[in-house]
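# give me coordinates for this.
(one chain, ligands or ions: 2)
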Amino acid sequence: MIPSSKIADTRAKITETRPIGADVTVLTLECPEIAASAKPGNFVNIKVTDASQPLLRRPFCIHNVGAGTIDVMVKNVGKGTSLLCDAACGTSVMVLGPLGNSFGTESGDFDTALLVSGGIGTAPMLFLEKSLAAQGIPFMNLVGGRSRNDLLTRGLSNCSTSTDDGSEGFHGNVVELLNNRLEALPSGSRPKVFACGPNPMLKALARFCANRSIPCELSLESVMGCGVGICYGCMVELNNADGEKETVLLCKEGPVVDGSRFTA
Ligand SMILES: Cc1cc2nc3c(=O)[nH]c(=O)nc-3n(C[C@H](O)[C@H](O)[C@H](O)COP(=O)(O)OP(=O)(O)OC[C@H]3O[C@@H](n4cnc5c(N)ncnc54)[C@H](O)[C@@H]3O)c2cc1C
Ligand code: FES
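Ligands and ions are numbered 1, 2, ... in the order given. The predicted structure is shown next:
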């Protein structure tokens, strides 16, 4: 996990909005400073409107990076995300980033990357797979959802899906799909899991990987305020090196954490 260095607070024009499902929209934001230093796993903190409410910024993973632009994939779950999903092209929002640490793809302790995601947790995976491809590291996307309408696979390569109701792909959860795909890897493979999704999924995944000694990095979520370690709004409990619980600020020490820190 690598901490980010250059942080910009910039007014970014929304140049494109693409609804990709009933309640999910991908927005392209013109912010060259952030695009230039962003790494997969980083997030941005967006003031979704110039009006006073909602007052606090909202955090979003960097979904993709283009020439001077970043994309965010936003699921409409409340007031802030609704305003962002409905924002018109040409309007602008304040964007702070890149924030947090990034996925550790350069650790050299693996030869196959398994990108495991659930629901809106698929948001950081497009940027991550592009980075892995540029490094020549083989990868596989495993994407889970409750049903086919929850699968957000747009733009991803080498992708297998699972649904809880069996409406598409593997019938079961994404951890069971991972188990199935691991069995098919050539013997001697050294896989590493990179994951993002709802906390119960990540807990189960962390336990699964710990039991099999598979290295695993998880991008966690918490409620956030400032995004830079000032407000103490993002405290989460993780295991420390001695296996004891400690409270950390997720915006500073995360959002990417080693899976061993998130087991029960
Ligand atoms: C590091 C990080 C990266 C994220 N990346 C993405 C992303 O790429 N795409 C995306 O759609 N969402 C992402 N989220 C979640 C997103 O920030 C929240 O959904 C958003 O802040 C909700 O704002 P709202 O005003 O619409 O909801 P509110 O009206 O404030 O709340 C509506 C509901 O959402 C819940 N909620 C509020 N904040 C969060 C939160 N931070 N995490 C989870 N639930 C929350 C509330 O408890 C409530 O149930 C990320 C969160 C973090 C911490
Ligand atoms: S969000 Fe303010 S300290 Fe982490």
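# who touches the longest strand belonging to the chain?
Counting by DSSP state E, the longest strand found in the chain is strand 8-19. Defining contact as CB atoms under 8 Å, 6 or more residues apart in numbering, one finds that strand 8-19 is touched by 25-31, 33-34, 69, 85, 87-97. Quick note: C-beta positions are derived from backbone N, CA and C, even for glycine.
# alpha carbons of that strand, in CSV - could you do that?
The C-alpha trace of strand 8-19 is given here as CSV (Å, rounded to 0.1, in the frame of the first residue of the first chain):
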residue,chain,number,x,y,z
ALA,A,8,-4.7,19.2,-5.4
ASP,A,9,-8.0,21.1,-4.5
THR,A,10,-9.4,22.1,-7.9
ARG,A,11,-12.5,23.2,-9.6
ALA,A,12,-13.3,20.5,-12.2
LYS,A,13,-15.6,20.7,-15.1
ILE,A,14,-17.9,17.7,-15.7
THR,A,15,-17.3,16.9,-19.4
GLU,A,16,-19.4,13.8,-19.7
THR,A,17,-22.0,11.8,-17.7
ARG,A,18,-22.9,8.3,-18.6
PRO,A,19,-25.7,6.4,-16.8
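# which residues does residue 101 bridge with?
Counting by DSSP bridges, residue 101 is bridged to residue 3.
# where does the closest residue to residue 209 other than its chain neighbours land on pLDDT?
Distance criterion CB to CB, 6 or more residues apart in numbering; nearest residue to residue 209, sequence neighbours excluded, is residue 216 at 3.8 Å. Residue 216 carries a pLDDT score of 97 in this model.
# near ligand 2, which residues of this structure show up?
Within reach of ligand 2 by CB under 6 Å from any ligand atom, the chain has these residues: 224, 225, 226, 227, 229, 230, 231, 232, 233, 234, 249, 251.
# identify the bridge partners of the residue nearest to the fourth one when sequence neighbours are not counted.
This means residue 227. In space, and not counting its chain neighbours, residue 227 is closest to residue 45: 3.7 Å by CB to CB, 6+ apart. Taking DSSP bridges as the rule, residue 45 bridges to residue 59, residue 96.
# same thing with residue 194?
residue 115, residue 217.
# my read: it touches residue 114, true?
Yes - taking contacts as CB atoms under 8 Å, residue 194 lies within contact range of residue 114: 7.2 Å.
# got the CA coordinates for stretch 254-264 in CSV?
The C-alpha atoms that make up stretch 254-264 are tabulated as CSV, following Å, rounded to 0.1, in the frame of the first residue of the first chain:
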residue,chain,number,x,y,z
GLY,A,254,-6.4,3.5,3.9
PRO,A,255,-8.6,3.1,2.2
VAL,A,256,-6.5,0.1,1.1
VAL,A,257,-5.5,-2.1,4.0
ASP,A,258,-3.9,-5.5,4.3
GLY,A,259,-6.5,-8.3,4.6
SER,A,260,-4.9,-9.5,7.9
ARG,A,261,-5.9,-6.3,9.6
PHE,A,262,-9.6,-6.9,8.8
THR,A,263,-10.2,-10.5,10.0
ALA,A,264,-12.5,-10.8,13.1
